[in-house]
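S.K.: need coordinates for the following:
(2 chains)
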Amino acid sequence: MTEILDENHIIAERRQKLSDIRKSRVAYSNHFKPTHKSHLIHSQYGELNGEELVQKEITVSIAGRMMLKRIMGKASFATINDGTSKIQVYVSKEKIGEAVYDEFKHFDIGDIIGAHGTLFRTKTNELSISVTKIELLSKSLRPLPEKFHGLTDQEQCYRQRHLDLIMNEESKNLFIKRSQIIHSIRDTMVRESYLEVETPMMHSIPGGATAKPFITHHNALDMQLFLRIAPELYLKRLIVGGMDRVFEINRNFRNEGLSTRHNPEFTMMEFYESYADYKRMMEITEQIIRKAALDSVGKLVISYQGREVDLAKDFDRLTIVESIIKYNPEFSTTQLNDIDFLRQTLTKLTRKAPSDNESLGVLQLLLFEENTEAKLWQPTYIIDYPIDSSPLARQSDSNPLITERFELFVVGRELANGYSELNDPEDQAERFKKQVAQIESGNDEAMHYDADYIRALEYGMPHTGGCGIGIDRLVMLLTDAASIRDVIFFPQMRAI
RNA sequence: GGAGCGGUAGCUCAGCCGGUAGAGCAGCUGACUUUUAAUCAGUUGGUCAUGGGUUCGAAUCCCGUCCGCUCCA
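M.R.: Numbering: from 1, shown residues only, chains lettered A, B, ... in the order given. Presented below is the predicted three-dimensional model:
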């Protein structure tokens, strides 16, 4: 239906060309074997001058998409992009014969073509291929966006990423960088003797984070399943099992709103290390991020949305209260330890009173989220999270109200979250019970009681440090992307 | 959920205090044997996102809806 509606004269003409091809040969043949890649031609022969090229008679076959075509009577130029870079081909009637040349004249921009010939330099000294054979490999039926302005419509870039990748080199380079970043992270983890593992994406009890899950159903087992919101509880089962350093890079799913920082499916790396604590996790997180920056951007002082970010210096470490005061000097420590003051301030800021029985620590955290988080531009670890908002983190030995937990903020966004893991099964059972009480009082994001996980802890889990890093957000930071949609190939869009 | 901005040819965009829907690129026809967004001449192509309203007359003004972007909650 949409096919027919989309049809216009440009497509109709191209279909006619395709139909003519079908009359004489296999239209989408697969025999052509390119021998060279454009970027290697440029790097290997880019230094040779015209005479040297003529002498060496370097013969190449390349295949790629025709991006530009300039026909000048009996000879023409075309620009081909073979996925590595662009290269110009020179096509003359004299060299390829009248019949093929006439065919070539009707090739369309966007067609995938194969060309064979020898390297030479044009009058303007551009390394080019003088073609002796040329053929159409894949007919393109739809016209590409305009050659000069390309594709700028963001919606089209997201909905038709293939077009974005064809037309916008920056976009393609960004995704190459994304791959480099992930490769770099893997490299760091493996070098630190971590084992890469995979744990279930479908959970019968959603756990490991406070978030709304997507719900699905398994027919044969006739059971409800949830797409995972975090892999944490499974990775820690592996720690119980003696896999003492594990990491997983994979998708999490959260049934929440979309924004420039949120996509319903997003990529996280979580890693767990036995006999380590949250301080070691902060150190290795810093190390991972620096290495990723060096491997992708090539430097540690980077620019994000026009402002400098210094990844070289030791990341700042502040408690919640310290950070509020540092970035909001109008507050005093006394005020920030006064429940009534915090309640009043929050009510003023959010135009809504916080719920009744929130603890001092949670109120401080709420205020932090309100007036400090967005100001943490340079990398900053916030530490000592209140125990009631950290049901999987180990309690501090010196202060029972806080946990050995940190979150890392860069450019005003949460980038990582880690802690010394709670390995006391009885404490964990109590924490789950408190979460269940919250569910019962209407908090649909609180955690469920996971008896199977408690049972695993009861076999004994070594003390462990764990951390999760938001990969999409890290990629945003290192590629200077303003929206998470720019770093995910196919971001979630509304159906049209 | 609220606010602002946007949706016109395949693409990039004009047109918007109402009066026959335009350009460039792409396509088609022709000229052209070293072009670089090639050039030159001619030419095809539109449910102006969508539904209603106001009006003699709506791409343009008003209301609703859909889609997107940004900001706020």
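S.K.: can you tell me the number of residues neighbouring A:Asp338?
M.R.: 15 (other C-beta atoms under 10 Å). From N, CA and C alone the C-beta is placed, and that goes for glycine too.
S.K.: in stretch A:460-477, which residues are buried?
M.R.: A:461, A:464-477 (16 or more other C-beta atoms under 10 Å).
S.K.: nearest to A:Asn371, of the residues you listed?
M.R.: Of all the buried residues of stretch A:460-477, A:Asn371 sits closest to A:Arg473, with 21.1 Å by C-beta to C-beta.
S.K.: helix or strand for the closest one, which one?
M.R.: Secondary-structure assignment from DSSP states H and E places A:Arg473 in helix A:471-479.
S.K.: any idea of the mean pLDDT in that helix?
M.R.: Summarised as a single mean, pLDDT over helix A:471-479 is 97.
S.K.: which residue is the nearest non-sequential neighbour of the residue of the stretch 251-400 of chain A found nearest RNA strand B?
M.R.: The minimum distance from the stretch 251-400 of chain A to RNA strand B, using C-beta to the nearest atom of the strand, falls at A:Thr260 (4.4 Å). Leaving aside its sequence neighbours, A:Thr260 sits nearest to A:Ser483 (C-beta to C-beta, 6 or more residues apart in numbering; 4.2 Å).
S.K.: do you know how far that neighbour is from RNA strand B?
M.R.: 4 Å (C-beta to the nearest atom of the strand, to the nearest Å).
S.K.: how many other residues sit next to that residue?
M.R.: Neighbourhood size, A:Ser483 [other C-beta under 10 Å]: 15.
S.K.: from what I can see it touches A:Leu258, true?
M.R.: No. Under the criterion of C-beta atoms under 8 Å, A:Ser483 is not in contact with A:Leu258, lying 10.1 Å apart.
S.K.: on the pLDDT front, check the residue nearest to A:Thr260 for me.
M.R.: Note on A:Ser483: pLDDT of 95.
S.K.: pull up the gap between it and A:Tyr158, please.
M.R.: According to C-beta to C-beta, to the nearest Å, A:Ser483 and A:Tyr158 sit 9 Å apart.
S.K.: need the contact list for the residue of the stretch 251-400 of chain A closest to RNA strand B.
M.R.: Taking C-beta atoms under 8 Å, 6 or more residues apart in numbering, we find A:Thr260 in contact with A:482-485.
S.K.: switch to 10 Å and redo it
M.R.: Contact analysis of A:Thr260 by C-beta atoms under 10 Å, 6 or more residues apart in numbering lists A:413, A:476, A:481-486.
S.K.: then A:Arg394?
M.R.: A:277-278, A:387, A:403-405, A:419-424, A:427-428, A:463-465.
S.K.: if we go to 8 Å?
M.R.: Applying C-beta under 8 Å, 6+ apart to A:Arg394 gives the contacts A:403-404, A:419-424, A:463.
S.K.: most neighbours among the residues you listed, which one?
M.R.: Counting neighbours by other C-beta under 10 Å, the top entry in those is A:Glu421, with 30 neighbours.
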